[in-house]
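Colleague: Output the structure for:
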Amino acid sequence: MNSVKQKAYIAAITYATIVGLSFLGTKTCVEVTTPLMTLTWRYNMGFIGCILLLLFGFVRVNLKGKDIKGLILASSFYIAFMGIQTLGLTKTTSIEGSIVFAIVPIFVQCIAYFLLNEKTVLLQNIFILISVVGVIIMYAWGSAGIGNINPEGFFILLLSSLCMAFSNVYMRYARKDFKAMEVGCFIVTLGCITFNIILLFASVNHGDYSLAYYISPFTSQMGGKFAVAIVYLGIPCMLFTSALITYTLSHMEAVKATIFGNLSLLIAIFAGIIVRGEPFFMYHFICTALILIGVIGTNIPSMKRKN
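Modeller: Okay, here's the model as predicted:
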């Protein structure tokens, strides 16, 4: 394995770890404020992080003379994924959302076949299914009420997963002209503008659009915990992971990179067990094995690619 491939796998594992740990921060934030407010401040913090990187010269963004079509498509689908998923989770449970999110690699596989001419071999398809089944079993087994799925919420979550799949595919186009951090900065900037506008309209409809309401999560009793959580969710988890997944997708086939998303769900489970003292059962061990086998197996066979 060459050094570029090694860096791609390191980026993918780092991405999965940061996203997996983000579930702890999300749980803290939703105890303080609404999902929309949480999402808005995530992008606000990501944008602040982007500005600091630009001011201190760690990152340079140059859009002049470049084809930004792929960048706009990738960013728009990513932001749509975040927004639609948040809406879907208000109508369903996080368990259902995680199960639907687990099928993103299958969507990516189909989209990449038509848009990128990336073809997986039979053995890879089997390993992809093993990983997806492992996630589904883990969440379904641990849920007592998974049988009463809200059809509307399920459809919304399915749409969000489809947006994520399109985003990952178009990231491969964007990476041809832009550096990974340029993509990350563009995503958080566009997301910051988008969700602040949405929050403004939502606040007007509820009759409270004051500054006090806007900063209320920080002035609440849990303001300190919210601040720590939202900084993590905004800068490492929003800004840096956007760059990490972009870098991974530039050096790895779309479905190979996306399958690492299932690894993040696994990390989230163990973070809950270690940090929050949640119980560990035998099915956790079995499903962990299935997910790891799926992730590793998908990245072993070489993919057939049309020139």
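Colleague: Using CSV, write out every CA atom in stretch 30-38.
Modeller: Provided in CSV are the C-alpha atoms of stretch 30-38 (Å, rounded to 0.1, in the frame of the first residue of the first chain):
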residue,chain,number,x,y,z
VAL,A,30,-30.7,18.4,22.4
GLU,A,31,-31.2,18.4,26.1
VAL,A,32,-30.7,22.2,26.1
THR,A,33,-32.3,23.5,22.9
THR,A,34,-34.1,22.5,19.7
PRO,A,35,-32.5,20.4,16.9
LEU,A,36,-32.7,23.4,14.5
MET,A,37,-30.9,25.7,17.0
THR,A,38,-28.3,23.0,17.6
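Colleague: how far does that stretch sit from the chain's center?
Modeller: From the chain centre to the centre of stretch 30-38 is a distance of 18 Å (Cα atoms, centre = their mean, to the nearest Å).
Colleague: Now do the contacts for T28.
Modeller: For T28, the contact set (Cβ atoms under 8 Å, 6 or more residues apart in numbering) comprises M222, K225, F226, A229. Placement of C-beta: from N, CA and C, glycine included.
Colleague: most surrounded residue in those?
Modeller: A229 (26 neighbours; other Cβ atoms under 10 Å).
Colleague: That residue reaches T33, doesn't it?
Modeller: No: A229 sits out of contact with T33 when judged by Cβ atoms under 8 Å, with a separation of 10.9 Å.
Colleague: so where's this protein uncertain?
Modeller: Residue ranges of the chain with pLDDT under 70: 1, 89-90, 92-100, 138-150, 276, 278-281, 283-284, 300-307.
Colleague: quick one, strands of it?
Modeller: For the chain, the strands defined by DSSP state E occupy 118-119, 304-305.
Colleague: thinking again about what came up before, generate JSON lines for the contacts of T28, with distance to P105 as supplementary columns.
Modeller: What follows is these, written out as JSON lines (distance: Cβ to Cβ, whole Å):
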{"residue": "M222", "distance to P105": "36"}
{"residue": "K225", "distance to P105": "34"}
{"residue": "F226", "distance to P105": "33"}
{"residue": "A229", "distance to P105": "28"}
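Colleague: Which one of the residues you listed is nearest to K27?
Modeller: The shortest approach to K27 among the contacts of T28 belongs to A229, at 8.5 Å (Cβ to Cβ).
Colleague: So G134 versus L263, what's the distance?
Modeller: 10 Å (Cβ to Cβ, to the nearest Å).
Colleague: Pull up the overlap in contacts between the two.
Modeller: Counting by Cβ under 8 Å, 6+ apart, the residues touching both G134 and L263 are I291.
Colleague: What residues sit buried inside stretch 16-34?
Modeller: Neighbour counts over stretch 16-34 (16 or more other Cβ atoms under 10 Å) mark 16-26, 28-29, 32-34 as buried.
Colleague: cool, stretch 263-278 as well?
Modeller: For stretch 263-278, a neighbour-count test (16+ other Cβ under 10 Å) marks L263, S264, L265, L266, I267, A268, I269, A271, G272 as buried.
Colleague: List the ones among those that fall in helices.
Modeller: Within the buried residues of stretch 263-278, membership in helices is found for L263, S264, L265, L266, I267, A268, I269, A271, G272, as judged by DSSP state H.
Colleague: Let me know the distance separating the nearest residue to V4 once chain neighbours are set aside from N196.
Modeller: Nearest residue to V4 in three dimensions, chain neighbours excluded: H251, at 5.6 Å (Cβ to Cβ, 6 or more residues apart in numbering). Taking Cβ to Cβ as the measure, H251 falls 34 Å from N196.
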